[in-house]
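> Compute the structure for the input listed below.
(one chain, ligands or ions: 1)
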Amino acid sequence: MQQIKKVVLAYSGGVDTSVCIPYLQNEYGIPEVVTFVADLGQGENLEDIRQKALNSGATEAVIGNLLDDFVERYAFPAIRANALYGDKYPLSTALARPLIAENLVHVARKLGADAVAHGCTGKGNDQVRFDLAINALGPDLKIITPAREWNMSREEAILYGEKFGIPAPVSKKSPYSIDVNLLGRSVEAGLLEDAMQEPNEDVFAMTASIDDAPNSSQDVEIVFENGFPISIGNEFLTPAKIIQKANVLAGEHGFGRIDMIEDRVVGIKSREIYEAPGLLLLIKAHKELESITLNPEILDFKNTVEKKWGQLVYQGFWFGPLKKALDAFIESTQTSVNGKVKIRLHKGNAIVIGRSSDKNSLYREDLATYSKKDIFNHKHAEGFIYMWGMSNKIWAESNLKNK
Ligand code: ARG
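Modelled structure (predicted):
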């Protein structure tokens, strides 16, 4: 193997990625380890994490402010796609991976590194997403995955780190495996591995429990332009602020929790708890607005596209050709998704109570009404039904004869 001189490591500040630093230096003999930590709105002090990387032996530590990119180029397209993996999971973790990978490649190019690295294990989806995205953007870059190869238990990894001055975690580690960003939280492992075990309240951080949610409901109006949310609760905001506000509003009312059995890329079923209040609220509102602005053939076909889009993103194909082609289809549908949706938040529910589109509504009261104002010509129904039901009638008559 050609000797690697410089590697850029996706770094979170946790023990595992910290141990990766001396491991890359000593076991792989790579002299320069640059860490990259991404700001995705996870609410951590990134300067502290940067220092931690340097204290763990990193030769350089880079922070990437990716929040706006994350929302505009990843979350908003997912809203347009109404993307829900397994009909439930809005991909809050999955969407972050190709963006981090994109930046790993970018930093590697800028600093003249010949490899990138991440601390994913060999069992999850994130390794797949990182590797596929890196291969798509920097096929010449070597990908190093220490945690997939080192065969150390967590305790052994901590001992290994201590030899190189990486302190063992002081606080008792959370019993769960958690991933957080602005879009939501993924929680797995620990007690949750019993699929029948209800999650304790300590699992949640963005959403109130149904019991703690206010007794009175709250109505919120969401405005969309070209399928992108631009205003929530009568405030026009930047994309990141829209998600933030949607998180607060929906979260307070206990909307946005998901408990599911999920089919991982590696073939394992796993039990996942998510909370993604804002993203789920925005997808719900967006889908509703489409029901009044898109014609039935597009709606029906878009359903199929959405399912596939969600699977592709979940399975790591963000930068693949089919995802790109589906994006073009979605883009062409969204120019008419303009208008607003009214939603009532109450005790874990988000209930649609109204929708309208000044520019693109296909809903015609003069055709839909049962009042005197009706302009629909009822006479034509007879001839239409004569032909519409013809094949069915022929089948029924033949069936009766053969009885
Ligand atoms: N299963 C989820 C996904 O594949 C989340 C995994 C995130 N990692 C974690 N440590 N909880 O998108």
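> burial count for residue 178?
13 (other CB atoms under 10 Å). Where C-beta positions appear, they are placed from N, C-alpha and C, glycine not excepted.
> now the one 5 residues further on
Here the count is done by other CB under 10 Å, and residue 183 has 28 residues near it.
> thought it was touching residue 92?
Yes: counting by CB atoms under 8 Å, residue 92 is a contact partner of residue 183 at 3.9 Å.
> Averaged pLDDT, stretch 22-42. What do you get?
Model confidence over stretch 22-42, given as mean pLDDT, is 97.
> How about stretch 268-276?
On average, stretch 268-276 scores 97.
> hang on, isn't residue 320 packed against residue 311?
No: here residue 320 lies out of contact with residue 311, judged by CB under 8 Å, at a distance of 11.3 Å.
> any low-confidence regions in this structure?
Low-confidence segments of the chain (pLDDT under 70): 1, 170-173.
> Show me which residues of it sit near the ligand.
With CB under 6 Å from any ligand atom as the criterion, the chain comes near the ligand at residues 93, 94, 125, 177, 178, 179, 186, 188, 262, 272.
> which one of those has the most neighbours?
Neighbour-wise, the residues of the chain next to the ligand (other CB under 10 Å) top out at residue 94, 26 neighbours.
> pretty sure that one is in a helix, no?
No: assigned with DSSP: H, G, I helix; E, B strand; the rest coil, residue 94 falls outside any helix and is coil.
> ok, it to residue 318 distance?
Distance, residue 94 to residue 318, using CB to CB, to the nearest Å: 8 Å.
> Packing partners of the helix or strand residue 20 falls within?
Using DSSP states H and E, residue 20 sits in helix 15-26. If contacts are counted by 3 or more CB pairs under 8 Å, 6 or more residues apart in numbering; DSSP states H and E, helix 15-26 sits against strand 6-10, strand 32-39, helix 46-55, helix 146-149, helix 154-163.
> Redo these as CSV? Include mean neighbour count.
Formatted as CSV, these follow (neighbours: other CB atoms under 10 Å):
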stretch, mean neighbour count
strand 6-10, 25
strand 32-39, 24
helix 46-55, 17
helix 146-149, 18
helix 154-163, 15
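> To residue 80, which of these lies closest?
strand 32-39 (23.1 Å; CB to CB).
> Against which helices or strands is the closest one packed?
Strand 32-39 packs on strand 6-10, helix 15-26, helix 46-55, strand 60-65, helix 96-111, going by 3+ CB pairs under 8 Å, 6+ apart.
> which residues touch the longest one?
Residues from elsewhere that reach helix 96-111 (CB atoms under 8 Å, 6 or more residues apart in numbering): 6, 8, 10, 34, 36, 38, 40, 60, 62, 64, 66, 69-70, 73-74, 113-116, 118, 126, 129-130, 133-134, 137-138, 141, 181, 183, 316, 318-319.
> what does the third one give?
The list of residues contacting helix 46-55 from outside it, by CB under 8 Å, 6+ apart, reads 11-13, 18, 21, 35, 37, 39, 61-63, 165-166.
> and with 7 Å instead?
11, 13, 18, 21, 35, 37, 39, 61, 63 (CB atoms under 7 Å, 6 or more residues apart in numbering).
> chain center to stretch 174-188, what's the gap?
12 Å (CA atoms, centre = their mean, to the nearest Å).
> Same question for stretch 31-50.
Taking CA atoms, centre = their mean, one finds stretch 31-50 lying 21 Å from the centre of the chain it belongs to.
> repeat for stretch 373-381
Relative to where its chain is centred, stretch 373-381 has its mean C-alpha point 45 Å off (CA atoms, centre = their mean).
> how far off helix 96-111 does the lengthiest helix in the chain point, in degrees?
Ranked by residue count, the top helix of the chain under DSSP state H comes out as helix 296-314. For helix 296-314 against helix 96-111, the angle by axes from the mean of the first three to the mean of the last three CA atoms, to 10 degrees is 60 degrees.
> And the contacts of the following helix or strand past helix 296-314?
Counting by DSSP H and E, the element after helix 296-314 in chain order, helix or strand, is helix 321-334. Helix 321-334 is contacted from outside by 77, 80-81, 226-227, 294, 298, 302, 305, 308-309, 312, 317, using CB under 7 Å, 6+ apart.
> go again using 10 Å as the cut-off
77, 80-83, 98, 136, 224-228, 286, 290, 293-295, 298-299, 301-302, 304-306, 308-309, 311-313, 315, 317-318, 320, 337 (CB atoms under 10 Å, 6 or more residues apart in numbering).
> Narrow the residues you listed to those that are buried.
Judged by neighbour count, with 16 or more other CB atoms under 10 Å as the criterion, the buried members of the contacts of helix 321-334 are 77, 80-83, 98, 136, 224, 227-228, 286, 290, 293-294, 298, 302, 305-306, 308-309, 311-313, 315, 317-318, 320, 337.
> ok, residue 76 - contacts?
With contact set as CB under 10 Å, 6+ apart, residue 76 has these partners: 70, 227, 228, 229, 239, 242, 243, 282, 286.
> hmm, 6 Å instead?
residue 228 (CB atoms under 6 Å, 6 or more residues apart in numbering).
> ok, now residue 382?
By CB under 6 Å, 6+ apart, residue 382 lies in contact with nothing.
> and of the helices and strands packed on helix 15-26, who's closest to residue 372?
Short answer: strand 32-39, nearest of the helices and strands packed on helix 15-26 by CB to CB, at 59.8 Å.
> I would like the residues contacting the closest one, please.
6-11, 21, 24-25, 46, 49, 53, 58-67, 100, 104, 107, 111.
> count of neighbours near residue 332?
10.
> Numbering from 5 from now on, please.
Yes, from this point I'll number from 5; that puts the last item at residue 336.
> now it: how far from residue 345?
22 Å.
> those strands in the stretch 255-404 of the chain, which residues are they?
Listed in chain order, the strands of the stretch 255-404 of the chain (DSSP state E, counting those that start in this stretch) span 261-267, 273-279, 343-350, 353-360.
> For the stretch 205-354 of the chain, give the residue positioned nearest to the ligand.
Among all residues of the stretch 205-354 of the chain, residue 276 sits closest to the ligand, at 5.1 Å; criterion: CB to the nearest ligand atom.
> residue contacts, residue 62?
Contact analysis of residue 62 by CB under 6 Å, 6+ apart lists 25, 37, 39.
> Having no further points to raise, I will conclude here.
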